[in-house]
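J.: quick one, fold the following:
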Amino acid sequence: MKLEWMFVATLVLAVWTSVGHAQTTQPALAAGATTTTAAHTTGPSGEQLMNQLMPPGQPASGKPLPPATTSQMTDATSGKGAVAPGAPIVATLREGTFIINRVGRLTHSADGQQAEFAFDADGRAMRDPPMIILPNLKLMQMENAMSGNSRDLRFRVSGTVTEYKGRNYVLLDKVVVVPDIDQQF
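T.: Next comes the predicted model:
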């Protein structure tokens, strides 16, 4: 028994010392690269980089753009621009607004050039005018799902809203096909 413990202790000591003396390697830096450690920084500082990019004494050549709009815009597809008669005038959503898990359908504009997301609603309030979908891979997934299916698909989407000239646009982050109720058993 004593011999077993001595063997185990020797094995533990050997492993412990090999771990303590293990070497780690780091990839070589490319020529001109800088390294940063907690104690020391090599290479130019942020201020030095800015001075190299914009020499002192030169005035800024541009001026900031004024805000695109200071007031709430109305959606161009609401009110008189809506399909249904007597539709209410609806304000656009502010840029940067997130839509989360909203259900609707993929449609196209009257000219067929732009994909739109038409929100499911009760059919009466019409408070959610369709948003133009900004092209990305999520839109391509929606179109592929539509082309490979004979039924009208509903999608649950999440994304970021932008606005431009009285219309809302959406950049989709998440798209899921909503299953039909009769297919859920």
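J.: C-alpha from now on. contacts and neighbour counts both.
T.: Fine.
J.: helices and strands of this protein: which one has the lowest mean pLDDT?
T.: One helix or strand of the chain scores below all others by mean pLDDT, DSSP states H and E: helix 2-20, with a mean of 57.
J.: flag the shaky bits of the chain, pLDDT-wise.
T.: 1-42, 50, 54-62, 65, 68-88, 122-126, 182-185 (pLDDT under 70).
J.: and the helices in the chain?
T.: Assigned by DSSP state H, the helices in the chain fall at 2-20, 46-53, 137-147.
J.: quick one: the residue nearest to residue 179 when sequence neighbours are not counted and residue 89, what's the gap?
T.: Using C-alpha to C-alpha, 6 or more residues apart in numbering and skipping residues adjacent in sequence, the residue nearest residue 179 is residue 154, 7.7 Å away. Between residue 154 and residue 89 the distance is 26 Å, computed by C-alpha to C-alpha, to the nearest Å.
J.: before we move on, what about residue 113?
T.: Residue 113 sits 25 Å away from residue 89, going by C-alpha to C-alpha.
J.: those two: which is more packed in?
T.: Remark: of residue 113 and residue 89, residue 89 carries more neighbours, 18 against 8, as counted by other C-alpha atoms under 10 Å.
J.: measure that one to residue 52 for me?
T.: Residue 89 is 52 Å from residue 52, where distance means C-alpha to C-alpha.
J.: also residue 173?
T.: Relative to residue 52, residue 173 is positioned 39 Å away (C-alpha to C-alpha).
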